[in-house]
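Participant: fold the following.
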Amino acid sequence: MKKIINIVSGLALLGSIMIVPTSCKKSFLDEQVINSHNTSEFKTTLGLDGLVIGMYQSLKFHFNYTWAYTTTNYGVDEFTVGGDRTEQMFNSYDGNFNSISGDIASVWDNMYGNINSANIVITNVPQYYTGANKNTRLGEGYFMRGFDYFKLVKQFGGVVLKLEPSETVQEEFSRSSAKETYAQVISDLTQAYELLPATAAETGRITKWAAAHFLAKAYLFRASELNNDWNSDTKTADLQNAVKYADLVINSGAYTLATNYSDLWNFTTPDGANETNKEVILAAQFSNNTTTQGRYGNQIHLYYPSVYQTLPGMVRDLAGGREFQRMRSTDYALDVFDRVNDSRFWKSFKTRYICNNPASAPKWTAANAPTAAQAGQVKFVGGEEAVLYIINNAGDTRYTAATTSASLPTDIGRRKPNMFVRYYSGEAQSYLNGHGNYGVSQFVALSKFMDGSRNLVASQFGQRDGILARLAETYLIAAEAYGRLGQYAAAVPYINRVRDRAAYKDGENRESYVDGGIAYKTNPVTISSALSSYSDKNTYFESNNLTATTASTLTSMHLNSETDIFNSTTNFYDKVGATSQADKFTAFILNERSRELMGELMRWEDLARTKTLVARTAAFNSEAKPIDGKHYLRPIPQTFLDALKSGGSALSGAQKQAMQNPGW
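Facilitator: Numbering: from 1, shown residues only. I've put the predicted structure just below:
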């Protein structure tokens, strides 16, 4: 039987993350990894420095493997299951999703592993650490413990609060309430805020502003609907504190919104410009240092791309990504954007691919060739468009399904590239409902995390940093807190700051497109750049049926007053059952969080804490069937329950059930 060493242990786990600082390194994480099972190391300044660096390695966990998306972006309104259904139970909430699901235990075990390291830091630094960094190291310990307990309470509710280091296996624990767990999170993050410096000594180190961001977020979460059974006494103060700490970050002068939304995702090379963008408050530090990449690297790039390698004229390459086709965008993910004025859609999704395999390019037939002379010739050559996704709306009459009829000039079979059209003429439903030629493997793919810096086409080891907090979310936290206080007018300026950046500017090229794929240009292990699937364009004008002279002003994205929040999307509010002003505001801010943070590994936690998960999946994710009162929390892992003891004996079935979350 598996012991619960991952929740309480010392030696085995800590030895695996001990890191000794060395000189002449670009990043403080590019260090010499060693194995040491002697906890006396953690009673020295050098040993504690190494242990803290090891805790930073734990931030990578949130981007390492399937748990990154299954526990955050499956079973929500933004994404559903693509062509690979390996982890579908996290989306459908069917009987295969239960307390033995591996990703659930992975989150639990890894959070507690790092919490034990933090406990050692918090206990030992005051006694054994010498030097100018003493408060910083202690603050890092408090931050990591608060951060990890925040993750646990968001996923599981109240959990075991282990606040002292363990060097032997323990088998008897009691579970704290969500109220007690949130109190610990806020206490730890407050301590971190007080102790940490305003400026990081090295890129990637935690500052007091990272602690303030997560403090604001913790206060907001505690004040949300999931905790209504017990948060009434603290709700108003919590929302005020959410604003307070968000404002501290916003007004610190340490961070600014990226000038262009695409600057956040324009990943050209490891440790490139986007990795040090002033909007990023905290990021897990990945690099091209293979000695510290660990077992996984950053694998988020794998899960969002749709299949392109099997399409005519295409082959898999570094720029296009290795397409695991797990996260298929929903109608909501496309329609929540104003695709005319809001640049965020076109800077977050990929709609055009360039032919990189001319040998497999399709040929014109006598039935569809524009001229008789072209019959038998290839439709396109290397470097020309091979694939176009059209993100149109119902009622668009420009496209008809492939046919040989000469009376249908808009027939997509007469077009050069492979055309994937969301709505054909006369179709009232989109591809998601079985119409059109989109499918489970061909869909509009999120491109934020694409990573062309990998050293092989088949490599899963992404090298780009994983963003954990950025300033745009800080603005939205403050806006939501004000709205929940009923101060809607106060929320508007925060939303407008984010929208101002998001809006297309006059003269901006609306077709411009950036993603991690462009890193292939400096990567020698690839086909030539002339034959790459990367394109610096999107299908903006064709999808929106607009001419190139169309322009918009910045004010088109503004909210002029709080009434804009409630009156602009009436049909949407009906669909999700939002009738009161408070419910409409929550629906609105969740939409705005989608527009800004689409796919950034936090959606399930947002829908669970607002208790909108059931309504939104019913409206936008037909396969997802969460149960009200059950699926707002994950099950406590069975491996943990099976290893527990009471009075020296294994828990009975009834005792395990008492420790388990409701409905599981």
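Participant: just say helix, strand or coil for the residue nearest to Gly647 when sequence neighbours are not counted.
Facilitator: Spatially, and ignoring its direct neighbours in sequence, Gly647 is nearest to Glu172 (7.9 Å; C-beta to C-beta, 6 or more residues apart in numbering). Using the backbone N, CA and C atoms, a C-beta is placed for each residue, glycine as well. Classification of Glu172 into helix, strand or coil gives coil, according to DSSP: H, G, I helix; E, B strand; the rest coil.
Participant: what's the longest helix in the protein?
Facilitator: Under DSSP state H, the helix in the chain containing the largest number of residues is helix 102-128.
Participant: which strands and helices sit next to that helix?
Facilitator: Helices and strands touching helix 102-128, as assessed by 3 or more C-beta pairs under 8 Å, 6 or more residues apart in numbering; DSSP states H and E, comprise helix 5-8, helix 11-17, helix 45-58, helix 67-70, helix 134-156, helix 638-643.
Participant: which one, of the ones you listed, ends up nearest to Gly507?
Facilitator: Each of the helices and strands packed on helix 102-128 has some distance to Gly507 by C-beta to C-beta; the shortest is helix 67-70, at 36.8 Å.
Participant: okay, that closest one in CSV with CA atoms only?
Facilitator: In CSV, the C-alpha atoms belonging to helix 67-70 read as follows (Å, rounded to 0.1, in the frame of the first residue of the first chain):
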residue,chain,number,x,y,z
TRP,A,67,-2.9,17.5,-14.7
ALA,A,68,-2.2,21.1,-15.8
TYR,A,69,-5.3,21.1,-18.1
THR,A,70,-7.5,18.3,-16.7
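Participant: just checking, what packs against that helix?
Facilitator: Helix 67-70 sits against helix 102-128, with contacts defined as 3+ C-beta pairs under 8 Å, 6+ apart.
Participant: rewinding a little: closest one to Thr330 among the helices and strands packed on helix 102-128?
Facilitator: Minimum separation from Thr330 across those (C-beta to C-beta) falls at helix 67-70, 14.4 Å.
Participant: following the closest one, which helix or strand shows up next?
Facilitator: Toward the C-terminal end, the helix or strand that comes next after helix 67-70 (DSSP states H and E) is strand 79-81.
Participant: how is this structure partitioned into domains?
Facilitator: Split into domains by automatic domain parsing, the chain comes to 1-131+602-664, 290-453+507-551.
Participant: export the ones you listed to TSV and tack on mean neighbour count and distance to Ile186?
Facilitator: Output for the domains of the chain, formatted as TSV (neighbours: other C-beta atoms under 10 Å; distance: least, C-beta to C-beta, whole Å):
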stretch	mean neighbour count	distance to Ile186
domain 1-131+602-664	19	15
domain 290-453+507-551	19	29
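Participant: among these, which comes closest to Gly466?
Facilitator: Comparing these by C-beta to C-beta, domain 1-131+602-664 comes nearest, at 3.7 Å.
Participant: checking the residue lying closest to Leu546 once chain neighbours are set aside next. Helix, strand or coil?
Facilitator: For Leu546, the nearest residue in space outside its immediate sequence neighbours is Val340; the separation is 7.1 Å by C-beta to C-beta, 6+ apart. State at Val340, reduced to three classes by three-state DSSP: coil.
Participant: just read off the phi/psi values of Val340.
Facilitator: Dihedral pair for Val340: phi -90, psi -50, per degrees, to the nearest 10.
Participant: ok, it touching Asn545?
Facilitator: No. In terms of C-beta atoms under 8 Å, Val340 does not count as a neighbour of Asn545; the distance is 10.1 Å.
Participant: mean pLDDT lowest for which of the helices and strands packed on helix 102-128?
Facilitator: Mean pLDDT per stretch puts helix 11-17 lowest among these, at a mean of 32.
Participant: circling back: so can I have TSV of the helices and strands packed on helix 102-128 showing distance to Tyr540?
Facilitator: Output for the helices and strands packed on helix 102-128, formatted as TSV (distance: least, C-beta to C-beta, whole Å):
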stretch	distance to Tyr540
helix 5-8	48
helix 11-17	46
helix 45-58	39
helix 67-70	27
helix 134-156	36
helix 638-643	49
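Participant: rewinding a little: dump the domains of the chain into JSON lines; add distance to Lys278 as well.
Facilitator: Compiled in JSON lines, the domains of the chain are given as follows (distance: least, C-beta to C-beta, whole Å):
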{"stretch": "domain 1-131+602-664", "distance to Lys278": "18"}
{"stretch": "domain 290-453+507-551", "distance to Lys278": "18"}
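Participant: so where do the strands sit in the stretch 251-400 of the chain?
Facilitator: Counting by DSSP state E, counting those that start in this stretch, the stretch 251-400 of the chain has these strands, from start to end: 280-284, 327-329, 349-350, 352-354, 385-390.
Participant: ok, back up a step: Ala401: which of the helices and strands packed on helix 102-128 is closest?
Facilitator: Ranking the helices and strands packed on helix 102-128 by their distance to Ala401 (criterion: C-beta to C-beta) puts helix 67-70 first, at 32.8 Å.
Participant: what lies in contact with the closest one?
Facilitator: Outside of helix 67-70, the residues that reach it under the criterion C-beta atoms under 8 Å, 6 or more residues apart in numbering are His62, Glu87, Phe90, Asp103, Ser106, Val107, Gln299, Ile300, Tyr303, Arg326, Met327, Leu601.
Participant: low pLDDT regions in the stretch 551-664 of the chain?
Facilitator: Within the stretch 551-664 of the chain, the stretches with pLDDT under 70 are 551-553, 568-570.
Participant: and the helices in it?
Facilitator: Ranges of helices in the stretch 551-664 of the chain, per DSSP state H, counting those that start in this stretch, are 563-567, 570-575, 581-597, 603-609, 613-620, 638-643, 653-659.
Participant: can you list the helices and strands that the second one packs against?
Facilitator: Using 3+ C-beta pairs under 8 Å, 6+ apart as the contact definition, the elements that helix 570-575 packs against are helix 581-597.
Participant: show me what counts as buried in the helix it packs on.
Facilitator: By neighbour count, with 16 or more other C-beta atoms under 10 Å as the criterion, the buried positions of helix 581-597 are 583-597.
Participant: distance from that helix to the middle of the chain?
Facilitator: If you compare the mean C-alpha spot of helix 581-597 with that of the full chain, they lie 17 Å apart, counting by C-alpha atoms, centre = their mean, to the nearest Å.
Participant: next, the angle helix 613-620 makes with it.
Facilitator: Relative orientation of helix 581-597 with respect to helix 613-620: 70 degrees, computed using axes from the mean of the first three to the mean of the last three C-alpha atoms, to 10 degrees.
Participant: can I get the CA coordinates of helix 581-597 in PDB?
Facilitator: Listed next in PDB are the C-alpha coordinates belonging to helix 581-597 (Å, rounded to 0.1, in the frame of the first residue of the first chain):
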ATOM      1  CA  GLN A 581     -27.900  42.600 -11.100                       C
ATOM      2  CA  ALA A 582     -25.400  40.600  -9.100                       C
ATOM      3  CA  ASP A 583     -25.700  37.500 -11.200                       C
ATOM      4  CA  LYS A 584     -25.400  39.500 -14.400                       C
ATOM      5  CA  PHE A 585     -22.200  41.100 -13.200                       C
ATOM      6  CA  THR A 586     -20.800  37.700 -12.300                       C
ATOM      7  CA  ALA A 587     -21.700  36.400 -15.700                       C
ATOM      8  CA  PHE A 588     -20.100  39.500 -17.300                       C
ATOM      9  CA  ILE A 589     -16.900  39.400 -15.400                       C
ATOM     10  CA  LEU A 590     -16.500  35.600 -16.100                       C
ATOM     11  CA  ASN A 591     -16.900  36.500 -19.800                       C
ATOM     12  CA  GLU A 592     -14.200  39.200 -19.500                       C
ATOM     13  CA  ARG A 593     -11.900  36.700 -17.700                       C
ATOM     14  CA  SER A 594     -12.400  34.400 -20.700                       C
ATOM     15  CA  ARG A 595     -11.500  37.100 -23.200                       C
ATOM     16  CA  GLU A 596      -8.400  38.000 -21.300                       C
ATOM     17  CA  LEU A 597      -7.300  34.700 -19.800                       C
END
